[in-house]
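Enquirer: Just a sequence and a predicted model for now, questions to come.
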Amino acid sequence: MQHRIDTILMLAVVSVLAASMVNLYGVSAAVGSGLLMRQVVWCVIGLSLLWACSFIRATYWEKAAPKIYALCLIALVAVLVFGQVRGGTRGWFVLGPISIQPSEFARLGTMLMVAAFLGKREDGQLHLGGFLVVSTIVAIPVGLILLEPDLGVALTYGPVLLIGWWLGGLRPRVWVVLGLLGVITAGVAWATVLKPYQKERVLTVLDADRDPYGAGYQVRQSRIAVGSGGLSGEGIGRGSQSVLRFLPAQHTDFAFASWAEATGFIGASALLVAFSVILLRLGVLTERTGQRFDLGFATIVFAWLAFQIIVNLGMVLGWLPTAGITLPLFSYGGSSVISTCATLGIVQSIWRHRFVNQ
Amino acid sequence: MRIHTDPILFRQRSRMVLVLVLGVIGLLHFKLFHLQIIQGQTWSRMATNNRLRKIPVPAPRGRIFDRQGVVLADNVPAWQLLVFPDEAEELEHTIAFLTGQGIIEGGDLRQKFSERRIGTMAPLVVAENISWEHVARVRAHQSDFPELSVVNGYRRSYPQSAGTAHVVGYLRRLTEGEVERYDNSQPDQLIGATGIERLGEEFIRGKNGERRVVVSAVGRQLGMVEEEQSIPGDDLAVTIDTRIQQAAVEALGKNAGAVVVLDIHTGAVRALYSSPSFDPNLFSSPLSPKEWSKISDDPQHPLQNRCLQGTYPPGSTIKPFLALAGLQEDLVNPQWSVYCRGSVTLYGHTFRCWRRGGHGRVDMKRALEVSCDVYFYLLGQKLGIERMAPWLERFGFGRPTGLGPAHEASGLIGTPEWSRRVRGTPWYAGESVSVSIGQGPVLVTAIQMARAFALLANGGYLVQPYLIPPATPLEREFVPLDPSSLEVVIAGLKRVVVGSEGTARSLRGLSVAGKTGTAQVARLPSEGSNTERAHHLQHHAWFIGWGPVDDPEVAVAVLVEHGGGGGSVAAPAAAVVFRAALRSGPNLGEGK
């Protein structure tokens, strides 16, 4: 039998999307009004897709996971060959007015694949074989994305990998070893791979006033925007940091800052609450479903969304380095909105079909 | 078919993640609260600072006029290029852009940036008086360099250029300490460095205003919030007479030297010209190192104000004062005479008269007319340095006159006490004999000389020279002199011009009395005439006098460095100045 979708989750999603459009309207003076119209179109497509996905039985998603995953990998390879370069990253298919970023969609395939793999396993612990499989499932798309290269999107695959290990049941001592390896890798990366500007971004977090007009400029302007919002904000389209363009990337990475400037603590809290509701409903879902795949997928989605929300807000509020991670459903961007909606569509499908076979 | 498995382990693990995540979101929410509610005011102020930019509105300095209303210092509108260093993303890019466009030289700007005070938001002036073409180029790239801003300003302009450079002065940048001290001043503000620009600083400096404008992140000015108007400085009329000043320029021509013209009654400076001069307009905008070294490395030292800072042996121009001293001390009377054979031997040393053949019998008037050295050697011997020195001090030598536009030299009156203290050697009696013809350890400035001759002309008043008319007449020192003594000396000085043997007969036709002087720079063993000496060893030529003779108004001191003879070089130069000074008509009298 079929059930209704999770209306609370749906309400929260629609609220965030609506707020994103209000915010785009507010900053249109600075970023142009064309973006708002496009975002409206992306939202309509996204919500339709969400709706459509929710009708497909959850078991289908589990079965189709390998095919979807393979399709995503093909797209990631294809974009390296046929893709268009933007800002030094070869990551977009351009078809007339539409541009698609496969790396955003491939995450859904990866999440499905990890959940499907974990769902099949009876074992309570993740041994070497399983560990390698989970790691490989994530590593292949990440490797392809790093070839584009797009560090920001690649980073969003991180929580998928970690939660895969976690749910699979990696033994504590392996976590310790991995933790140590992670520290060593970070140290080596600091010394060799990271570019000076990236290091500056990290150092700026440790010392906010380190370089207020260089690497720290964006974060400083973001904190000014957020802080000056006060309790009730400057009003939509009236925040000086946004309108006068002191705030960088105010419709994408720093969209939350312009929202917080315009609507103040009240509006920013409301948005935070909406995100918390989305995460909570994912949590409720894990409590209600009995299927390993369902539970696994919901947790992975939860971890990924939580990661992006925390990292983005951490950056906007000055706790984390700027790393090009957007706020899901709120930052401008068609591929991001549509792929997130599709992901939540599958979550809704799990919700609808959670009592099947029980 | 799905395999039904117990997901308890899964669920436990997923719950842990859930709790962790919600905890972190709670922390973020607290951070949001902290930023917006607790620190909201602070950040709001920073947002205001972000979009409001303070732009200084420089107050134009007061103009400087001469006594007839001729402009000596003016303000002309000029474009100024400001940079707000705190707004720049990468100052090196800005420097590269500005140097690439040929607007500035990179080194200067880097220096300025390194000296700037951080966090004041105050702009730096990187270029002044930039061309319209450069303005257009900056504006075309405004969005790339929001830290740049072109504003209307003023540039100080000196229409008389080199002619009044030393007396009117020029401007310099405030030092860092002064920026702190002066109200509302900007780091790049100019203040008077020398001359009237410095003397009248308090009067002619206005009060800077400030404009607060809203700017976008790319530096576009979107509108003004408020403006504090600048208050222009007051105009200043000074004692200089440009016609006389120009005559002084003409009189010295290419020679190095000094001309000082004083009103003998009040001390008002009618002309003050030091040659070689320089273009003070160069200092109105930042001087390039090349231009600066061209001026500062010039062997002729054009920046030196020879009227006040140049010290020279007075030569024969000291004689009238020693004659007066002799009369006042009752050592000689006007009729006392000596027989000049061209030289005299005193203290075992032969002292030569400038005229090898001698002057024959000379009394005081004739001694002044023909400038007989032997007469004054013998008079000097009678006076001795212990009586000469106090009299020279009374006539204003050995101390600055206090005119004030620049550091002023004291000159020197050598005394036995001075000799012990400074030279570490005893005073030789023969030195008193040298001093009596203005050689040896006695040095004067041109302005001291002009003032001393003014004293002769005005009946014994030592005036206080001034450039800016004072509200109340300045104190004059009175030197009590026997009128009959003064009369004898004046009669002698009249004969310098009108006498048949006068050393300044070239001035005949002008109503002038005065004294020539030919001051030796170095005593040469050879008897060669002055013209054969190397230029830097040639004599300094003096003429100092006053006119008109019957109703004296102005005193003129002319010094030509290494010019040669006082009668042959300085007197003709003085004639040029006197012609202008005497034609300038009656004393207009400041403050009347």
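Expert: Yep, that arrived.

Enquirer: going forward, measure contacts between C-alpha atoms and count neighbours the same way
Expert: Noted.

Enquirer: B:A127 reaches B:V83, doesn't it?
Expert: No - using C-alpha atoms under 8 Å as the test, B:A127 is too far from B:V83 to be in contact (9.4 Å).

Enquirer: For these two, indicate the residue with more neighbours.
Expert: Between B:A127 and B:V83, counting by other C-alpha atoms under 10 Å in any protein chain shown, B:V83 is the more crowded of the two (23 against 19).

Enquirer: give the contact list for the residue of the stretch 301-450 of chain B found nearest chain A.
Expert: Nearest to chain A in the stretch 301-450 of chain B, going by C-alpha to the nearest C-alpha, is B:L303, at a distance of 43.2 Å. The contact partners of B:L303, taken as C-alpha atoms under 8 Å, 6 or more residues apart in numbering or on different chains, are B:166, B:277-278, B:295-296.

Enquirer: got a winner among the residues you listed for most neighbours?
Expert: When neighbours are taken as other C-alpha under 10 Å, the top entry among these is B:H166 (29 neighbours).

Enquirer: just how off-centre is the helix or strand containing it within its chain?
Expert: Using DSSP states H and E, B:H166 sits in helix B:165-168. A distance of 6 Å separates the C-alpha centroid of helix B:165-168 from that of its chain, computed with C-alpha atoms, centre = their mean, to the nearest Å.

Enquirer: Now the element after it, going C-ward?
Expert: Next in sequence after helix B:165-168, counting helices and strands by DSSP H and E, comes strand B:171-173.

Enquirer: My read is that A:L108 contacts A:S339, right?
Expert: Yes - counting by C-alpha under 8 Å, A:L108 sits close enough to A:S339 to count as a contact (7.1 Å).

Enquirer: lowest-confidence helix or strand of chain B?
Expert: Of all the helices and strands that make up chain B, helix B:106-115 has the lowest average by mean pLDDT, DSSP states H and E, namely a mean of 67.

Enquirer: which residues touch the closest residue to chain B within the stretch 51-200 of chain A?
Expert: Per C-alpha to the nearest C-alpha, the residue of the stretch 51-200 of chain A with the smallest distance to chain B is A:L167, at 5.9 Å. Listed by C-alpha under 8 Å, 6+ apart, the contact set of A:L167 reads A:118, A:296, B:10, B:13-14.

Enquirer: Include neighbour count when you put these into CSV, please.
Expert: As requested, these are arranged in CSV below (neighbours: other C-alpha atoms under 10 Å in any protein chain shown):
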residue, neighbour count
A:L118, 26
A:G296, 28
B:F10, 23
B:R13, 17
B:S14, 25
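
Enquirer: Can you tell me which one of these carries the smallest pLDDT value?
Expert: Sorting the contacts of A:L167 by confidence puts B:F10 at the bottom, with a pLDDT of 71.

Enquirer: Grab the nearest non-local neighbour of it.
Expert: Using C-alpha to C-alpha, 6 or more residues apart in numbering or on different chains and skipping the chain neighbours, the partner closest in space to B:F10 is A:L167 (5.9 Å).

Enquirer: what helix or strand does the one you found sit in?
Expert: Mapping A:L167 onto the secondary structure by DSSP H and E places it in helix A:158-168.

Enquirer: Put the alpha carbons of the next helix-or-strand element following that helix into CSV.
Expert: The first helix or strand that comes after helix A:158-168 along the chain, using DSSP H and E, is helix A:172-191. Below are the C-alpha coordinates for helix A:172-191, written out as CSV (Å, rounded to 0.1, in the frame of the first residue of the first chain):
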residue,chain,number,x,y,z
PRO,A,172,37.3,1.5,16.2
ARG,A,173,41.0,0.7,15.8
VAL,A,174,40.6,1.1,12.0
TRP,A,175,39.1,4.6,12.7
VAL,A,176,42.1,5.4,14.7
VAL,A,177,44.4,4.3,11.9
LEU,A,178,42.4,6.2,9.4
GLY,A,179,42.4,9.3,11.6
LEU,A,180,46.1,9.2,11.9
LEU,A,181,46.4,8.7,8.1
GLY,A,182,44.1,11.6,7.6
VAL,A,183,46.3,13.8,9.8
ILE,A,184,49.4,12.7,7.9
THR,A,185,47.7,13.2,4.6
ALA,A,186,46.6,16.7,5.6
GLY,A,187,50.1,17.6,6.7
VAL,A,188,51.6,16.3,3.4
ALA,A,189,48.9,18.1,1.4
TRP,A,190,49.6,21.3,3.3
ALA,A,191,53.2,21.1,2.4
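
Enquirer: Residues of the stretch 201-350 of chain A that sit close to chain B?
Expert: Along the stretch 201-350 of chain A, the residues adjacent to chain B under the rule C-alpha under 8 Å from any C-alpha of the partner chain are A:213-214, A:223-231, A:240-241, A:244-246, A:264-265, A:269, A:272, A:276, A:280, A:283, A:286-287, A:290-292, A:295-296, A:299, A:302-303, A:306, A:310, A:313-314, A:317.

Enquirer: Can you say which of those residues are buried?
Expert: Applying 16 or more other C-alpha atoms under 10 Å in any protein chain shown to those, the neighbour count classes A:213-214, A:223-231, A:240-241, A:244-246, A:264-265, A:269, A:272, A:276, A:280, A:283, A:286, A:290-292, A:295-296, A:299, A:302-303, A:306, A:310, A:313-314, A:317 as buried.

Enquirer: Which parts of the stretch 1-150 of chain B are strands?
Expert: With DSSP state E, counting those that start in this stretch, the ranges of strands along the stretch 1-150 of chain B come out as B:52-57, B:64-65, B:71-83, B:124-128, B:148-157.

Enquirer: from the ones you listed, which stretch is densest packed?
Expert: By mean neighbour count, with neighbours taken as mean count of other C-alpha atoms under 10 Å in any protein chain shown, strand B:64-65 ranks first of those at a mean of 22.
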